[in-house]
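Participant: quick one, structure for this:
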Amino acid sequence: KVKLDLKAPSSAHTVTITGTVRFAEEEGYEPPQGKLSVDSCLPEGSLRLGEQPAQWSLSEDPEDRKDSLWIWGLFSDPLYPFLLFQLDLAAPVDFPEEGV
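Facilitator: All right, here's what the predicted structure looks like:
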């Protein structure tokens, strides 16, 4: 399960979306990557169900790639501390209006 807590910059409220997802690894890639499918979500209709257009991948820190981890794979199993993926919303998220 994946739990997303979304907050708009102009809102004090947080909207929570929970999805049941499956990761399918594609063989032969380093770092590992593959397809991502959404089986269900709450609230219903918040995420696009089925296979997502973007793939997931394991990665080093996407914000700091100066000391690349791939070189360590030459000596031992490589380390990929980040799981990068993208989920499509089925519709724009409605945030409660302030003062209501």
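
Participant: where does this structure dip in pLDDT?
Facilitator: Along the chain, segments meeting pLDDT under 70 span 61, 64-80, 98-100.

Participant: do you know how far the spatially most central residue of it is from residue 10?
Facilitator: Geometric centre of the chain, nearest residue: residue 85, 3.4 Å, by CA atoms, centre = their mean. Relative to residue 10, residue 85 is positioned 27 Å away (CB to CB, to the nearest Å). C-beta: built from backbone N, CA, C; applies to glycine.

Participant: rewinding a little: which residue, other than its chain neighbours, is closest to the residue nearest to the centre of the chain?
Facilitator: Take residue 85 and drop its neighbours on the chain: the residue closest to it by CB to CB, 6 or more residues apart in numbering is residue 56, 3.9 Å away.

Participant: what about that neighbour, how many neighbours?
Facilitator: A count of nearby residues for residue 56, using other CB atoms under 10 Å, gives 20.

Participant: show the contacting residues for it.
Facilitator: By CB atoms under 8 Å, 6 or more residues apart in numbering, residue 56 lies in contact with 23, 33, 34, 35, 36, 83, 84, 85.

Participant: cool, and residue 89?
Facilitator: 46, 47, 48.

Participant: could the residues you listed go into a markdown table alongside neighbour count and secondary structure?
Facilitator: A markdown table is the format used below for the contacts of residue 89 (neighbours: other CB atoms under 10 Å; DSSP: H, G, I helix; E, B strand; the rest coil):
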| residue | neighbour count | secondary structure |
| --- | --- | --- |
| 46 | 21 | coil |
| 47 | 25 | strand |
| 48 | 16 | coil |
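
Participant: ok, those residues vs residue 2, which is closest?
Facilitator: residue 47 (9.1 Å; CB to CB).

Participant: any idea how far residue 8 is from that closest one?
Facilitator: Taken as CB to CB, the span from residue 47 to residue 8 is 18 Å.
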